[in-house]
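1. Quick one: sequence plus predicted model below, questions after.
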Protein chains: 2
Amino acid sequence: MANLTEFSLPDATAVLTRPPATLNALLRGLPNLWVRSHEGRSGEGKDTWSAFDIVGHLIVGERTDWMPRVRIILEYGEARPFDPFDRLAQSKEDQGKSLEIDQLLDEFARLRQENLAALRSLNLQPRDLARRGVHPALGVVTLSQLLATWATHDLTHVHQISRVMAYQYRDAVGPWSAYLGVLRCNGHSAP
Amino acid sequence: MANLTEFSLPDATAVLTRPPATLNALLRGLPNLWVRSHEGRSGEGKDTWSAFDIVGHLIVGERTDWMPRVRIILEYGEARPFDPFDRLAQSKEDQGKSLEIDQLLDEFARLRQENLAALRSLNLQPRDLARRGVHPALGVVTLSQLLATWATHDLTHVHQISRVMAYQYRDAVGPWSAYLGVLRCNGHSAP
């Protein structure tokens, strides 16, 4: 096992700056095959998301999840649990269906930039990182865990987007599918 | 199940243009925590790669694998099998250890651009996509399968990089690890 990584605010904010430009470079202007296709499963709790849906989900997180929870920890501590995060909110926004991926990428970049500016303006000190809040399902969490999760949540969705895109070529690759691990990934969703 | 995707050269080349800028946006200038750390397993056949190692591997593919194999199919068909691809070549290059990630990203971008220009200059026609070659382990493959695999191979390594980066925060996220699928991904390596 590698050594455990200690959380540091500069390391976390460095990686949090990257996903908007990363997804922009990967997705802007691509044919709909890559942007709007998903993995074809649907039904109770099993809907699969396209890259378009996933960027929509990241936008909802910027609006309703990460910085609002930072502020709840700083203002209320354990006295007020976080609001639950609606993982499916992006699919309920009627306007979402008529947007193009380029507009979503712009919106994600704008919101992330605003949120990182707001984070910096809090001028968090090392002692603040241990401050505690209450997650509605997980219980007590710390500010550093929230910030590490924000960064890791981006990465879990980069992981998902690469998988959903690769899935579109699961047959086109022919016998090479045996060598392409991403084609054997089922997503590791929580049970 | 979604409908199967038919291979098209414009769709494949569209996605093949993206990984150099995608990885550049994700990795350039990041702290070594994100670029040089891996998943900590080592030993016979189990070495784990850092983002740095993975970009090195993509460079080796540009040099020795994809376009050379395209040319073998077009020139020799099934009469000459491909040369085997050395998956570990990047770790054998002495100079590799002293390079910075920024240099590797530049090299990957340069080689991919050259290779896509060479691919376009072949002016492949739909009938060419069915031409056949011989993989040293997998047997008969077609040109379209080779090109689809080139694109999917990029995606399997974007998938891997996001997983290796997320692994660094596997403890920092605390109880949120239950919700982050990327932390439960073991990589789906071929047996």
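-> All right, it came through fine.
2. all contacts plus neighbour counts: C-alpha atoms, from now on.
-> Fine.
3. The helix or strand hosting A:Asn115 and chain B, any residue contact?
-> Using DSSP states H and E, A:Asn115 sits in helix A:101-121. No - Helix A:101-121 is not in contact with chain B by CA under 8 Å from any CA of the partner chain; minimum separation 12.7 Å.
4. For that helix, buried residues please.
-> By 16 or more other CA atoms under 10 Å in any protein chain shown, the buried positions in helix A:101-121 come out as A:Ile101, A:Leu104, A:Leu105, A:Glu107, A:Phe108, A:Ala109, A:Leu111, A:Arg112, A:Gln113, A:Asn115.
5. Relative to B:Asp102, how far out is the third one?
-> Read that as A:Leu105. Between A:Leu105 and B:Asp102 the distance is 25 Å, computed by CA to CA, to the nearest Å.
6. again, but for the second one
-> Distance, A:Leu104 to B:Asp102, using CA to CA: 28 Å.
7. Go ahead and name everything in contact with the helix holding A:Asn115.
-> When contacts are defined by CA atoms under 8 Å, 6 or more residues apart in numbering or on different chains, helix A:101-121 is touched by residues A:13, A:17, A:20-21, A:23-24, A:27-29, A:35, A:52, A:55-56, A:58-59, A:62-63, A:67.
8. Buried ones only from the residues you listed, please, as a ChimeraX command.
-> Selecting only the buried members of those in ChimeraX, with burial defined as 16+ other CA under 10 Å, works like this:
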select /A:13,17,20,21,23,24,27,28,35,52,55,56,58,59,62,67
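9. Need the per-residue pLDDT for A:Cys185.
-> Residue-level confidence at A:Cys185 comes out at 84, pLDDT.
10. you'd agree it is up against A:Arg163?
-> Yes - with contacts counted by CA atoms under 8 Å, A:Cys185 reaches A:Arg163, the gap being 7.2 Å.
11. So which residues of chain A form helices?
-> A:9-16, A:19-27, A:32-35, A:51-64, A:66-76, A:89-92, A:101-121, A:143-167 (DSSP state H).
12. Take those and lay them out in a markdown table including distance to B:Val134 and mean pLDDT.
-> Shown next, in a markdown table, are the helices of chain A (distance: least, CA to CA, whole Å; pLDDT from 0 to 100):
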| stretch | distance to B:Val134 | mean pLDDT |
| --- | --- | --- |
| helix A:9-16 | 42 | 97 |
| helix A:19-27 | 31 | 98 |
| helix A:32-35 | 29 | 94 |
| helix A:51-64 | 34 | 96 |
| helix A:66-76 | 51 | 98 |
| helix A:89-92 | 45 | 70 |
| helix A:101-121 | 39 | 97 |
| helix A:143-167 | 23 | 97 |
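13. how about those helices in TSV, adding distance to B:Ala151?
-> Shown next, in TSV, are these (distance: least, CA to CA, whole Å):
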stretch	distance to B:Ala151
helix A:9-16	25
helix A:19-27	12
helix A:32-35	11
helix A:51-64	16
helix A:66-76	34
helix A:89-92	29
helix A:101-121	21
helix A:143-167	8
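14. A:Arg127: which of the ones you listed is closest?
-> Nearest to A:Arg127, of all the helices of chain A, is helix A:143-167, at 10.1 Å by CA to CA.
15. quick one, the closest one and helix A:66-76 angle?
-> 170 degrees (axes from the mean of the first three to the mean of the last three CA atoms, to 10 degrees).
16. Buried residues of helix A:143-167, list them for me.
-> A:143-167.
17. what does stretch A:47-55 give?
-> Neighbour-count burial for stretch A:47-55 [16+ other CA under 10 Å]: A:Thr48, A:Trp49, A:Ser50, A:Ala51, A:Phe52, A:Asp53, A:Ile54, A:Val55.
18. Chain B: which of those residues is nearest?
-> Nearest to chain B among the buried residues of stretch A:47-55, counting by CA to the nearest CA, is A:Thr48 at 10.7 Å.
19. Tell me if I'm right that that closest one and A:Ile54 touch.
-> No - using CA under 8 Å, A:Thr48 is not in contact with A:Ile54; the gap is 9.8 Å.
20. Not including adjacent chain positions, what is the nearest residue to A:Trp49?
-> A:His38 (5.4 Å; CA to CA, 6 or more residues apart in numbering or on different chains).
21. and that neighbour, what does it touch?
-> A:Thr48, A:Trp49, A:Ser50, A:Ala51, A:Val164, A:Met165, A:Tyr167, A:Gln168, B:Ala2.
22. Looking at those, spot the one nearest B:Leu124.
-> A:Gln168 (21.9 Å).
23. Skip the chain neighbours and tell me the closest residue to the residue of chain A positioned farthest from its centre.
-> Here chain A reaches farthest from its C-alpha mean at A:Pro175, the gap being 32.5 Å by CA atoms, centre = their mean. Distances taken as CA to CA, 6+ apart put B:Leu138 closest to A:Pro175, at 6.4 Å, once the chain neighbours are dropped.
24. The one you found and B:Phe82, how far apart?
-> Relative to B:Phe82, B:Leu138 is positioned 10 Å away (CA to CA).
25. The two: who's more crowded?
-> B:Phe82 (22 against 12; other CA atoms under 10 Å in any protein chain shown).
26. residues in contact with that one?
-> B:Phe82 neighbours (CA under 8 Å, 6+ apart): B:Arg69, B:Ile72, B:Gly133, B:Val134, B:His135, B:Pro136.
27. Repeat that for A:Arg131.
-> A:Ile73, A:Leu74, A:Gly77, A:Thr142, A:Leu143.
28. nearest residue to the second one other than its sequence neighbours?
-> So the one you mean is A:Leu74. A:Arg131 (7.4 Å).
29. Please apply the same query to the fourth one.
-> Nearest residue to A:Thr142, sequence neighbours excluded (CA to CA, 6+ apart): A:Arg132, at 4.4 Å.
30. What is the burial count for that neighbour?
-> Counted with other CA under 10 Å, A:Arg132 comes out at 22.
31. Surely it touches A:Ser144?
-> No - judged on CA under 8 Å, A:Arg132 makes no contact with A:Ser144 at a distance of 9.1 Å.
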